[in-house]
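Asker: dropping a prediction and its sequence here:
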Amino acid sequence: MTRATRTSPGDSTTPEPAAKTGGRRAASARVRLPRIGGLRGRLIVTVVVVALISAVTATALAYRESREAVLKRAQSAAVDDFRNSVERLSPELDVPADPRSLARFADEVSSGLRGSLVVARYREITAVSAPSADRTRLTPALRAAVRSHSRVSIQRVEQGGQPWLALGAPVGLDAPARHGSAARPSGVEVYAVVSLAEEERDTAELVRSVQGGLVPVVLLSAVLALLAARTALRPVRRLARATRRLATGELTIRVEEKGRDELAELAHTFNETAGALEHSVGELREQEALARRFVADVSHELRTPLAAMTMVSSVLEEDADQLTPDTAHAARTVSAETAKLARLVDDLIEISRFDARAVALTVHELDLAEAVRATLAARGWSDRVEADLPPGIRARADRRRLDVIVANLVGNALRHGAPPVTLTVRAAEDWLTVAVADHGPGLAPETARHVFDRFYKADSARARSEGSGLGMAIALENARLHGGTIEIAPPAPGVGAVFTLRLPLRTDSAS
Amino acid sequence: MPHVLLVEDDTSVRDGMELVLRRHGHVVDAVATGEEGLTLLSRPRGGGIEIAVVDLMLPGIDGFEVCRRIRARSQLPIIMLTSRGDDLDVVSGLEAGADDYVVKPITGRVLEARIRAALRRAGPAARTDSDDFAGLVIDRAGLTVTKHDAPVPLPPTELRLLLELSAAPGRVFSREQLLELVWEHDFLGDSRLVDAAVGRLRAKLEDVPAKPRYIQTVRGFGYRFGPL
């Protein structure tokens, strides 16, 4: 969000169209591919998992209950059929039985039980309704139960993945093998194995239909989760966007406070925070502006008395030779200090102009060598600086400001560095460089970091040096005004401090 | 004994400047308001005043207005004295017709140098002949300029600028060269002085100031006189 598209406080609650469409596009992309890590993804996964667990649990419970019910009904039907058949046929059985009558008995019982496998035993004789049938489903436990009980014993057997019902009962001689009645045992035992596969199929069908229903349930829960995520995430995303814009300095941004939920509370807190921030930043800016105006005003007010003092002190200085030595010294001191004060005030006014952004470039095409030579000549430095000025480098720049920069760099080198001071002008591609180097000890890293600070003095013993302490700061501001920089070369053996001014060869005249 | 009119409202500054100027051999009329200064100038032959040093910030009518009123009736060299030095003030002052401006505080030496330079411009030029450039007649001896026989009154800086430019028609002068030739600054001057003076000259000489014939701009280099 650039400053140019900043919205006014009135409509700051609604993002501008560009952000809106951008956000929607991003949101739709996220709908198609929900991030698992994201809040939306997690919400969907959670809801779907919960839906699955409840559906599966309900299905499992229902399956177990219905299977039990179905099997129980099938079982009691089978027991009834078995008992009826045995009761109906037992009078025809001769005891002691021979294998033939036993076999016939088994066959008849079997036909009463829709062709289930029936086994009849009498002492050592065993008769089977279907000779090839597997009799292992009649377990010893069932046989023991039949021998000890007079009623029908049942056992559910799982074999080959199929459920079977094994039934067994002793055959009474004249009385029916009724539950609880004391019939005279005939010594014949009859067993039947009934298949429960059909019932199993029915319950399996139930599971399959529930399984079919799971897919729409999951889909529906995902959709519901998406909807829930949307309502929860939209304010969150709006809040995130507003926070980002707040961080970029758009302090007037506010979000909509809708509803009474926690998100609305969060939005309210955000708005309160943004309001407090805006207020305190506004106060700070106001204070800063006041402080700057104060400096500017004080500097301007200082100018008038300084103008009078400068005038008068120059008279004093001119006449110093005719005064007594003490008075002459005093006159020269006043004159020198007045000049220093005048320069400091000039620099302060210049700095406050930069702070108030009230500076404009007056750009002209100029010859670099000529401009730099003029700067050196105007200050009487031509003999003290080794200048390497290739002819023919032309640039569009503000002559006065370029003069200020070069004068500050060279003056700094002459004051704080050691001779020889060299100045090198070069042009490469679209950039112009003016490197000023001295052969002093160079800059300590700590000094290099602060050399452009206002009133920074590298050496506290030199606290009152010739400069105002603002020169380098002004030089840097002037370079920036041109769209350029001033760089300090890293320390190297045998070379002192090297300051390099980099300016675009063509500066626009806009300020 | 150059006669200087000093308009400055601050007593100390006025006294200090008066002291310095007197020591440099000037006759000084020092006043606190623009109205008083204009009254002095309205005496016969301007009261013998040869140059005016006018503060910008004045009670009553300000320095710009004083400058404009002087310009309306005389060619007197004017140096503007400003305590602000903001670009806008400088440009407004120059456009009001000032020949030069100095930013306070200023040393007596510098003020003296600027006054002498401004006065020199009003003095006789080197060549003593007359040139006719398509109806624009520049009399280098009498220091008068006429256009189609109508006199064009020019203040010293503008006259000097025109003399220098027309001395070598077709030659391109950079702003810096013109600063040296006309304003005689031995320190780094401000090229806006040149631009402002050229602007005023054009307003008086050219038929269509927006499309100058006499004083043409050479983009990126400076100005030249002609070719016509």
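Answerer: Great, that's in hand.
Asker: and whatever helix or strand A:V281 lives in, what does it pack onto?
Answerer: According to DSSP states H and E, A:V281 maps onto helix A:262-318. Contacting helix A:262-318 under the criterion 3 or more Cβ pairs under 8 Å, 6 or more residues apart in numbering or on different chains; DSSP states H and E are the following elements: helix A:197-247, helix A:325-355, helix B:11-23, helix B:108-122. Glycine gets a C-beta too; all of them are placed from N, C-alpha and C.
Asker: so which of the ones you listed gets nearest B:G93?
Answerer: Comparison of the helices and strands packed on helix A:262-318 against B:G93 by Cβ to Cβ identifies helix B:108-122 as nearest, at 13.6 Å.
Asker: next, the buried residues of the closest one.
Answerer: The neighbour-count check on helix B:108-122 (16 or more other Cβ atoms under 10 Å in any protein chain shown) flags B:108, B:111-115, B:117-118, B:121-122 as buried.
Asker: restrict these to contacts with chain A.
Answerer: Checking those against chain A by Cβ under 8 Å from any Cβ of the partner chain, the ones in range are B:108, B:111.
Asker: which single one of the buried residues of helix B:108-122 is nearest to chain A?
Answerer: Nearest to chain A among the buried residues of helix B:108-122: B:G108, at 4.1 Å, using Cβ to the nearest Cβ.
Asker: ok, the residue nearest to that closest one when sequence neighbours are not counted - how many residues close by?
Answerer: Spatially, and ignoring its direct neighbours in sequence, B:G108 is nearest to B:V20 (3.6 Å; Cβ to Cβ, 6 or more residues apart in numbering or on different chains). Residue neighbour count, defined by other Cβ atoms under 10 Å in any protein chain shown, stands at 23 for B:V20.
Asker: quick one on the thing from earlier: need the buried residues of helix B:108-122 in CSV with distance to B:E35, can you?
Answerer: Output for the buried residues of helix B:108-122, formatted as CSV (distance: Cβ to Cβ, whole Å):
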residue, distance to B:E35
B:G108, 27
B:L111, 24
B:E112, 27
B:A113, 29
B:R114, 25
B:I115, 23
B:A117, 28
B:A118, 23
B:R121, 27
B:A122, 25
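Asker: between the buried residues of helix B:108-122, which is nearest A:P91?
Answerer: In terms of Cβ to Cβ, no member of those lies closer to A:P91 than B:R114, at 153.1 Å.
Asker: for that closest one, what are its contacts?
Answerer: Taking Cβ atoms under 8 Å, 6 or more residues apart in numbering or on different chains as the criterion, B:R114 is in contact with B:79, B:100, B:102.
Asker: okay, and the beta partners of the second one?
Answerer: Translated: B:D100. Counting by DSSP bridges, B:D100 is bridged to B:I79.
Asker: now do the same contact list for it.
Answerer: Each residue near B:D100 by Cβ under 8 Å, 6+ apart is listed here: B:78-80, B:114, B:117-118, B:157, B:183, B:193.
Asker: look at the residue of the stretch 101-250 of chain A found nearest chain B and report its pLDDT.
Answerer: Nearest residue of the stretch 101-250 of chain A to chain B, counting by Cβ to the nearest Cβ: A:G249, 28.9 Å away. pLDDT recorded at A:G249 is 84.
Asker: then A:T269?
Answerer: With respect to pLDDT, A:T269 scores 90.
Asker: all helices of chain A, in order?
Answerer: Counting by DSSP state H, chain A has helices at residues A:17-32, A:39-89, A:99-112, A:140-148, A:197-247, A:262-318, A:325-355, A:368-378, A:399-416, A:445-450, A:471-481.
Asker: on that earlier part again, make JSON lines from the contacts of B:R114 and add distance to A:T447 and pLDDT to it.
Answerer: Shown next, in JSON lines, are those (distance: Cβ to Cβ, whole Å; pLDDT from 0 to 100):
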{"residue": "B:I79", "distance to A:T447": "43", "pLDDT": "90"}
{"residue": "B:D100", "distance to A:T447": "41", "pLDDT": "85"}
{"residue": "B:V102", "distance to A:T447": "37", "pLDDT": "85"}
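Asker: nearest to chain A, of these?
Answerer: Chain A has its nearest neighbour among those in B:V102, at 9.9 Å by Cβ to the nearest Cβ.
Asker: my read: the closest one touches B:L111, true?
Answerer: Yes: the pair B:V102 / B:L111 is scored as a contact, 6.4 Å apart, by Cβ atoms under 8 Å.
Asker: residues from chain B in reach of chain A?
Answerer: Going by Cβ under 8 Å from any Cβ, the residues of chain B near chain A are B:10, B:12-13, B:15-17, B:19-20, B:23, B:83-87, B:104-109, B:111, B:175-176, B:187-188, B:190-192, B:219-221.
Asker: now with 7 Å, please.
Answerer: B:10, B:12-13, B:16-17, B:19-20, B:23, B:83-84, B:87, B:104-109, B:175, B:187-188, B:190-192, B:220-221 (Cβ under 7 Å from any Cβ of the partner chain).
Asker: doesn't B:A98 fall inside a strand?
Answerer: No: counting by DSSP: H, G, I helix; E, B strand; the rest coil, B:A98 is located in no strand; its state is coil.
Asker: contact partners for it?
Answerer: B:A98 makes contacts with B:67, B:78-80, as judged by Cβ atoms under 7 Å, 6 or more residues apart in numbering or on different chains.
Asker: any chance of CSV for the residues you listed, columns neighbour count?
Answerer: Converted to CSV, the contacts of B:A98 look like this (neighbours: other Cβ atoms under 10 Å in any protein chain shown):
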residue, neighbour count
B:C67, 25
B:I78, 28
B:I79, 21
B:M80, 26
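Asker: what about residue 155, how many neighbours?
Answerer: No chain in the question, so chain A it is. For A:Q155, using other Cβ under 10 Å, the count is 17.
Asker: switch to chain B, that's the one I care about
Answerer: Neighbours of B:P155 under the rule other Cβ under 10 Å: 24.
Asker: read off the pLDDT value for the residue lying closest to it once chain neighbours are set aside.
Answerer: Nearest residue to B:P155, sequence neighbours excluded (Cβ to Cβ, 6+ apart): B:Q75, at 4.5 Å. If you check B:Q75, the pLDDT there is 81.
Asker: checking B:Q75 next. Helix, strand or coil?
Answerer: Relying on three-state DSSP, one would call B:Q75 coil.
Asker: just give the nearest non-adjacent residue to the residue in the stretch 351-500 of chain A that chain B sits nearest to, would you?
Answerer: Residue nearest to chain B within the stretch 351-500 of chain A (Cβ to the nearest Cβ): A:E365, separated by 3.4 Å. Nearest non-adjacent residue to A:E365, counting by Cβ to Cβ, 6+ apart: B:G220, 3.4 Å away.
Asker: next one: A:L443
Answerer: Distances taken as Cβ to Cβ, 6+ apart put A:A497 closest to A:L443, at 4.7 Å, once the chain neighbours are dropped.
Asker: who's in contact with the one you found?
Answerer: For A:A497, the contact set (Cβ under 7 Å, 6+ apart) comprises A:413, A:417, A:438, A:440, A:442-443.
Asker: select only the buried ones of those residues in PyMOL?
Answerer: Buried residues within the contacts of A:A497, by 16+ other Cβ under 10 Å, are selected in PyMOL with:
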select buried, chain A and resi 413+417+438+442+443
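Asker: looking at the contacts of A:A497, which is nearest B:S42?
Answerer: Among the contacts of A:A497, and counting by Cβ to Cβ, the member closest to B:S42 is A:A413, at 55.0 Å.
Asker: many thanks, we can stop here.
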